[in-house]
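A.B. asks: Quick one: sequence plus predicted model below, questions after.
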Amino acid sequence: MNRTTISQSLGVLAVLLLAVARASATETIEDHERIRGTAEAYAVDVAAGLAPTGASIRATATRLDARLRLPACSSALAAFGMAGQNGIPSSVGVRCEGERPWSIYVPVRVEVIADVVVLAAVAERGARLSPQQVRLEPRDVSGLIRGYLTDIGATEGMVMTRLAQPGTVLDPSQLAPERIVLRGERVQLRAGSGPLLVSVEGEALADAARGERVRVRNIASGTVVEGVVAEAGIVQLRR
């Protein structure tokens, strides 16, 4: 091959490379903000279905690497989730189902701000909670995998299962119904109601809270029966 032929071949190659470079430079790239917006909207929608009424929800997707160059999608972007322990996604998949399909996972930080029950004072294990010991405060509940309470009334008649400090967000595992009937305690066994009410003395054979079933021994006959705790010291016989 002579020099002229080589020069011509190199010239053609240079033209082809320049054309490829220009095509790459003008190729439409998917907008990163569109991807992030799709992920955020999906995360907010999922969180809204799990959050308590009145909660404020915000999702922030991680910024994508500036070097990421995905072809612009010819159709609407679709999102799919990867739920965390509490059901709220910590990462959202975004995909293009257009002519040049692709998919990517985007980390998302979700905040769910809601008024929840917190302790206003130290509460000892076994202590009965009073209205003065609890209050409502806005907190981010997205990471509270043990749950939380949104109604102060839910603490009525409850005792602490362990020591907790002021500011603690109360969850169901920290509370237990107060035992208003104790094992070995004398109680009134009642059957019927109104003018047909019959009451005898009995001995509780276990601790029990309001509404719980408990076995009681009839003091007079020695018979063991089962009833439901109606209030402190009173057990209603089952029919």
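C.D. replies: In hand now; what should we look at?

A.B. asks: Which helix or strand in this protein has the lowest average pLDDT?
C.D. replies: helix 3-26 (a mean of 40; mean pLDDT, DSSP states H and E).

A.B. asks: so what's the closest residue in space to Ser103 that isn't next to it in sequence bridging to?
C.D. replies: Leaving aside its chain neighbours, Ser103 sits nearest to Arg95 (3.7 Å; criterion: C-beta to C-beta, 6 or more residues apart in numbering). For glycine as for every other residue, the C-beta is placed from the backbone atoms N, C-alpha and C. With DSSP bridges as the criterion, Arg95 is bridged to Ala78, Ser103.

A.B. asks: And the helices in this structure?
C.D. replies: Assigned helices in the chain, in chain order: 3-26, 32-48 (criterion: DSSP state H).

A.B. asks: List of residues touching stretch 67-86?
C.D. replies: 27-32, 34-35, 38-39, 41-43, 46, 50, 89-100, 102, 104-105, 142-145 (C-beta atoms under 8 Å, 6 or more residues apart in numbering).

A.B. asks: out of these, which are buried?
C.D. replies: 30, 32, 35, 38-39, 42-43, 46, 50, 89-96, 104, 142 (16 or more other C-beta atoms under 10 Å).

A.B. asks: how about Thr28, what does it touch?
C.D. replies: Neighbour list for Thr28: Pro71, Ala72 [criterion: C-beta under 8 Å, 6+ apart].

A.B. asks: Could you measure from it over to Thr155?
C.D. replies: If you measure Thr28 against Thr155 using C-beta to C-beta, to the nearest Å, the figure is 58 Å.

A.B. asks: and what of Ser142?
C.D. replies: Counting by C-beta to C-beta, the gap from Ser142 to Thr155 is 23 Å.

A.B. asks: again with Leu196
C.D. replies: Separation of Leu196 from Thr155 (C-beta to C-beta) stands at 37 Å.

A.B. asks: Repeat that for Gln132.
C.D. replies: Counting by C-beta to C-beta, the gap from Gln132 to Thr155 is 11 Å.

A.B. asks: In this structure Ala208 contacts Val229, no?
C.D. replies: Yes - using C-beta atoms under 8 Å, Ala208 is in contact with Val229, at 4.8 Å.

A.B. asks: Common neighbours of these two, please.
C.D. replies: Listed contacts common to Ala208 and Val229 are Ile180, Val181, Val214; contacts here mean C-beta under 8 Å, 6+ apart.

A.B. asks: Who is the last one paired with across the strands?
C.D. replies: Each beta-bridge partner of Val214 is listed here: Gly227, as defined by DSSP bridges.
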